[in-house]
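1. Structure for the following, please:
(chains A and B)
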Amino acid sequence: MSLPLDTKILVVDDFESMRRIVKQVLHDIGFKDISLADDGATALPLLKKGDFGFLITDWNMPQMEGIDLVKAVRADPRLKGMPILMVTAEAKREQIIQAAQAGVNDYIVKPFTPDTLKAKIEKIFKGVAGK
Amino acid sequence: MSGDSLDEIRKIFEEECIEGLDTMEAGLLNLGEGGSGGDVVNDIFRAAHSIKGGSATFGYKKIADFTHLMETLLDLVRNGRKAASPPVIELLLGCVDCLREMMGAIHSGEYDEARIAEFMQMLQAELLGDDDAQPQVVTALPEPVAAENAAAQGWRIVFRPHEEMLRSGNQPLHILRALTELGECVTRSDVSRLPSFESFDPESIYLSWEIELKGACSIEQVREVFDWVEGECELSIEPVGAPEPPAAVIAAVAAAPERRGSDRRAPVADDRRDIDRRKKPAAKEAGSIRVGIDKVDNLMNLVGELVITQAMLSQFGRESPEGLDHMGLRDTLEQLSRNTRELQEAVMQVRMLPVSVTFSRFPRLVHDLSTKLGKKIELEISGEQTELDKTVLEKIGDPLVHLIRNSLDHGIEDEATRIAAGKTPHGTIFVSASHESGNIVIRVADDGAGLNSEKILRKARERGLIGEDEELGRQQVNDLIFMPGFSTADVVSDVSGRGVGMDVVRSNIQEIGGRVDVTSTPGEGSVFQITLPLTLAILDGQLVRVGSQVYVVPLLSIIETVLVDRERLNLITGQSPVYRLRGEAVPVLSISRVLRVREDVIEGAAAERERLLVIVESGRDIVGLAVDELLEQHQVVIKSLENNFTQVPGTLGATILGDGTVSLIVDIAGLVRLSGLRTDLGSAASAAA
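-> Reported below is the predicted structural model:
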């Protein structure tokens, strides 16, 4: 399928290196409009202000954790439909369940390859389009 | 946008790891001091977690594996399933060290395998010692099912989605498809719940399925497929051949996620409270970017050039002939000079870092040493936000560590002695930084016994540093500890070394244009005070003329300037002349002689020569520089001579004056060393006394 490459994406991670690597992968896939934020507390106002179409967030972050960001997004009437991919090193089942219950569309465990990230993104967009 | 090369990102990752390690260390020390609670453990855990994730992503498997074990242990501490006991903290601190070493070897890949294995074993032992740790891997499985896991040939799965499951973006089709990847499936749909067409809601699910899966897959694999819909469906998984499940079991399994969900909810609520609390003190830092120091240095250099060009223009403007638009030119030049100055300050600001970068090492240092020495010592740090030039900051670390070690080892008494002296059982070390009249002052103070004058004098005499019958003032005695080869430690300990200490501290500090002084009160403690210039790149200078040469003398080191009274000048053969200044004998140095500048271009009569004495100090040396004329004071940009020419001993470098001439910047300590004065200074001082 062809991805909606003009989607505006926000990448949230407290590690700059991780932000940039995700950005790099997105860029390689062909996305052009990628913004970065270093934790949930910075990301939320950005999301509320901007017209982002996709959120990729880490879980463990200072100030506001990813899971709380997801909940905040899902609780916001304007943002609640936004597809969310969670990128994190938490590989524990209960945590995946927690993320699913908070409302993430998919979940990717570090380390990941550009291919897996791409596959997850495709799956998410397919799901969104299919609804 | 695509400019980020992987190497560049990798470099950032490495820096972030080091920062993460610092965070972990600081947090662990805090925990060790009884610092409590979620915040601290959370921070440590988060740092470990990020390092794990990052190193896995960048392909540092060793580091990822290692941090994973640490993280598991930290998780137990976080959940309160394991106490943050001193042995656990020590182990984790050791792991931080080990990780730091691994980070150091990240490029060569030459890890100290034995050490790593040792730590991993200790971590594993610590984890096994915990009753709850083991089941963690299995926790997710409800008990009754786990038992039947082994021999299953296939599974009978009943999957009954809740009506609203589609709305969370979950597609049963994907799930069913995923099941077929595990083995052959026979699937039956239950359509009994389908409503009549009028009341049909296209966003709801009315179907349920019964699947018979044939294949040697584990129940975990099957469950994993349904991870996404936990709590959104009724699910039962039974090994094929097992008797028809009683309804009660389905209900129980379906309820399980609910219960687990509420279990988790409690800590989540706690977390959120922690986050709220954390938000208040941590005012959001201004955004930052990482830039290579060489880029900043280059910028600095360019601004330096600009300052010089501007000075040349100003001079040109002053001297320009009538007829030109004089006022306009002067105003514009004035503005240019203001802009240049501001730009220079702004660029310098970029190089400034808070001293906390260096101070953050100290809690660990004090923790380790006080444990080793068996003394109870607290560390109080203040002014860690004071900013210093990065280069100065890097060079000040070692001297400070040395001073702190000394205070711990020699300054602070053991507990019994302290109690006997009516002091608190635990000693305290204070480290502070502050701005004082254009300089940065760092103090290392302790509430220990203070310097022991008698012992210092005795040692100094033993070592022949001073004569047998020399009498010295208190301050002079204290200053003896900065003499080369001086150590009063009765027993050489591995904590503060063997007397190569304080003179090295002093010379290191002098190298970066600073000075160190000690004051001490017996029974109450000692204070080491380090005074540093704000930056190494520019300096406030006094321009002086000697013969045809113009030199720059650092303003910081000038005490006063006096007109030479020939009567007071004592010329002693074979030695430098000495000037009597208010009863003290001050050695006189001629800059050109020490630097061996040829003096064949002397202008003016001999009487006009060297008629001024600039009294300067460097450490405990006070000398007079004979000069012909005092010129203006200038902020000068220090240019290294090494880069373009060769290192010139006795100078800090050179600068370019407004008229384009190059002028050497005098290094007082270097001059004194070059002149060979240093060794007989002791006797000069005693002659004065």
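
2. near chain A, which residues of the stretch 501-650 of chain B?
-> Contacts of the stretch 501-650 of chain B with chain A, taken as C-beta under 8 Å from any C-beta of the partner chain, are absent. (C-beta placed from N, C-alpha, C; glycine too.)

3. which stretches of the stretch 501-650 of chain B form helices?
-> In the stretch 501-650 of chain B, the segments counted as helices under DSSP state H, counting those that start in this stretch are B:502-511, B:591-594, B:641-644.

4. buried set for stretch B:93-104?
-> Residues of stretch B:93-104 classed as buried by neighbour count (16 or more other C-beta atoms under 10 Å in any protein chain shown): B:93, B:95-100, B:102-103.

5. Output those residues as CSV; include the columns secondary structure and distance to chain A.
-> Shown next, in CSV, are those (DSSP: H, G, I helix; E, B strand; the rest coil; distance: C-beta to the nearest C-beta, whole Å):
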residue, secondary structure, distance to chain A
B:Leu93, helix, 21
B:Cys95, helix, 17
B:Val96, helix, 18
B:Asp97, helix, 22
B:Cys98, helix, 20
B:Leu99, helix, 15
B:Arg100, helix, 18
B:Met102, helix, 17
B:Met103, helix, 13
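
6. before we move on, back to that, now for the helices of the stretch 501-650 of chain B, which one comes closest to B:Phe359?
-> Ranking those by proximity to B:Phe359 (C-beta to C-beta) places helix B:502-511 first, at 16.4 Å.

7. And the contacts of that closest one?
-> Helix B:502-511 has contacts (C-beta atoms under 8 Å, 6 or more residues apart in numbering or on different chains) with B:395-396, B:398-399, B:402-403, B:406, B:481-486, B:515-516, B:530, B:532, B:618-619, B:669.

8. could you point out where chain A is predicted with low confidence?
-> A:1, A:129-131 (pLDDT under 70).

9. For the spatially most central residue of chain A, list the residues it contacts.
-> The residue lying closest to the centre of chain A (C-alpha atoms, centre = their mean) is A:Ile56, at 1.4 Å. Residues near A:Ile56 by C-beta under 8 Å, 6+ apart: A:9-12, A:22, A:26, A:84-87.

10. Each with direction, which strands does the helix or strand hosting it pair with?
-> Under the criterion of DSSP states H and E, A:Ile56 resides in strand A:54-58. Here strand A:54-58 is paired, per DSSP bridges, with strand A:9-12 (parallel), strand A:84-88 (parallel).

11. Format those as JSON lines; extra columns: mean neighbour count and distance to B:Ile89.
-> Below are the strands paired with strand A:54-58 laid out as JSON lines (neighbours: other C-beta atoms under 10 Å in any protein chain shown; distance: least, C-beta to C-beta, whole Å):
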{"stretch": "strand A:9-12", "mean neighbour count": "24", "distance to B:Ile89": "32"}
{"stretch": "strand A:84-88", "mean neighbour count": "24", "distance to B:Ile89": "26"}
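
12. Check the burial of B:Ala421 by counting its neighbours.
-> Here the number of neighbours of B:Ala421 (other C-beta atoms under 10 Å in any protein chain shown) works out to 10.

13. just to revisit the earlier point, want to throw the helices of the stretch 501-650 of chain B into TSV with mean pLDDT and mean neighbour count?
-> As requested, these are exported to TSV (pLDDT from 0 to 100; neighbours: other C-beta atoms under 10 Å in any protein chain shown):
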stretch	mean pLDDT	mean neighbour count
helix B:502-511	81	19
helix B:591-594	82	19
helix B:641-644	72	12
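
14. To A:Leu117, which of those helices lies closest?
-> helix B:641-644 (46.2 Å).

15. How about the contacts made by A:Glu16?
-> With contacts defined as C-beta under 8 Å, 6+ apart, A:Glu16 is in contact with A:38, B:12, B:16, B:290.

16. Go again with 10 Å.
-> A:36, A:38, B:9, B:12-13, B:15-16, B:288-290 (C-beta atoms under 10 Å, 6 or more residues apart in numbering or on different chains).

17. can you check B:Val366 too?
-> B:Val366 neighbours (C-beta under 10 Å, 6+ apart): B:29, B:377-379, B:381, B:404-405, B:407-408, B:429, B:431.

18. next one: B:Asp565
-> B:579-581, B:611, B:613.

19. top of those residues by neighbour count?
-> Counting neighbours by other C-beta under 10 Å, the top entry in these is B:Leu613, with 24 neighbours.

20. Name the nearest residue to that one, sequence neighbours excluded.
-> Nearest residue to B:Leu613, sequence neighbours excluded (C-beta to C-beta, 6 or more residues apart in numbering or on different chains): B:Gly624, at 4.1 Å.

21. just checking, next helix/strand downstream of the strand holding A:Ile56?
-> Immediately after strand A:54-58, counting by DSSP H and E, sits helix A:66-75.

22. Could you check the angle that following helix makes with strand A:84-88?
-> 180 degrees (axes from the mean of the first three to the mean of the last three C-alpha atoms, to 10 degrees).

23. Give the buried residues for helix A:66-75.
-> For helix A:66-75, a neighbour-count test (16+ other C-beta under 10 Å) marks A:66-74 as buried.

24. Kindly identify which of those residues also come near chain B.
-> Taking C-beta under 10 Å from any C-beta of the partner chain as the test, chain B is in contact with A:67-68, A:71, A:74 out of those.

25. From the contacts of helix B:502-511, which land in strands?
-> Mapping those onto strands (DSSP state E) picks out B:515-516, B:530, B:532, B:618.

26. mind checking the SS state of B:Glu110?
-> Here B:Glu110 is coil, with the state taken from DSSP: H, G, I helix; E, B strand; the rest coil.

27. B:Leu213 too?
-> Look at B:Leu213: counting by three-state DSSP, its state is strand.

28. Tell me how far the strand holding A:Ile56 lies from the chain's centre.
-> On the basis of C-alpha atoms, centre = their mean, to the nearest Å, strand A:54-58 sits 2 Å off its chain's mean C-alpha point.

29. swap in stretch B:370-381?
-> Averaging C-alpha positions (C-alpha atoms, centre = their mean) puts stretch B:370-381 21 Å from its chain's average.

30. mind listing the helices in chain A by residue range?
-> With helices called from DSSP state H, chain A shows them at A:16-29, A:40-49, A:66-75, A:93-102, A:114-130.

31. could I have the second one exported to CSV, CA atoms only?
-> This file holds the C-alpha atoms of helix A:40-49, laid out as CSV (Å, rounded to 0.1, in the frame of the first residue of the first chain):
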residue,chain,number,x,y,z
GLY,A,40,5.1,14.0,27.2
ALA,A,41,4.8,17.3,28.9
THR,A,42,6.4,19.0,25.9
ALA,A,43,4.6,16.9,23.4
LEU,A,44,1.0,17.4,24.6
PRO,A,45,0.8,21.2,23.9
LEU,A,46,2.5,20.6,20.5
LEU,A,47,-0.1,18.0,19.7
LYS,A,48,-3.0,20.2,20.8
LYS,A,49,-1.6,23.1,18.8
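
32. and it, anywhere near chain B?
-> Yes. Interface with chain B: helix A:40-49 contributes A:40-42 (C-beta under 10 Å from any C-beta).

33. which residues sit against that helix?
-> By C-beta under 10 Å, 6+ apart, the residues outside helix A:40-49 that reach it are A:10-14, A:35-37, A:52, A:55, A:57-59, A:61-73, A:76, A:78-79, A:82, B:275, B:279, B:282, B:284, B:287.

34. same check, this time on the last one
-> Contact partners of helix A:114-130, identified using C-beta under 10 Å, 6+ apart, comprise A:1-4, A:7, A:9, A:21-22, A:24-26, A:28-31, A:53-54, A:56, A:81-87, A:104-109, A:112-113, B:169-171, B:173-174.

35. pull the CA atoms of it into CSV?
-> This file holds the C-alpha atoms of helix A:114-130, laid out as CSV (Å, rounded to 0.1, in the frame of the first residue of the first chain):
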residue,chain,number,x,y,z
PRO,A,114,13.9,0.1,10.0
ASP,A,115,11.9,-2.7,8.4
THR,A,116,10.0,-3.6,11.5
LEU,A,117,9.3,0.0,12.2
LYS,A,118,8.1,0.4,8.6
ALA,A,119,5.9,-2.7,8.8
LYS,A,120,4.3,-1.5,12.1
ILE,A,121,3.6,1.9,10.6
GLU,A,122,2.0,0.3,7.5
LYS,A,123,-0.1,-1.9,9.7
ILE,A,124,-1.3,1.1,11.7
PHE,A,125,-2.2,3.1,8.6
LYS,A,126,-3.9,0.2,7.1
GLY,A,127,-6.0,-0.2,10.3
VAL,A,128,-6.9,3.4,10.3
ALA,A,129,-7.8,3.4,6.6
GLY,A,130,-9.8,0.3,7.1
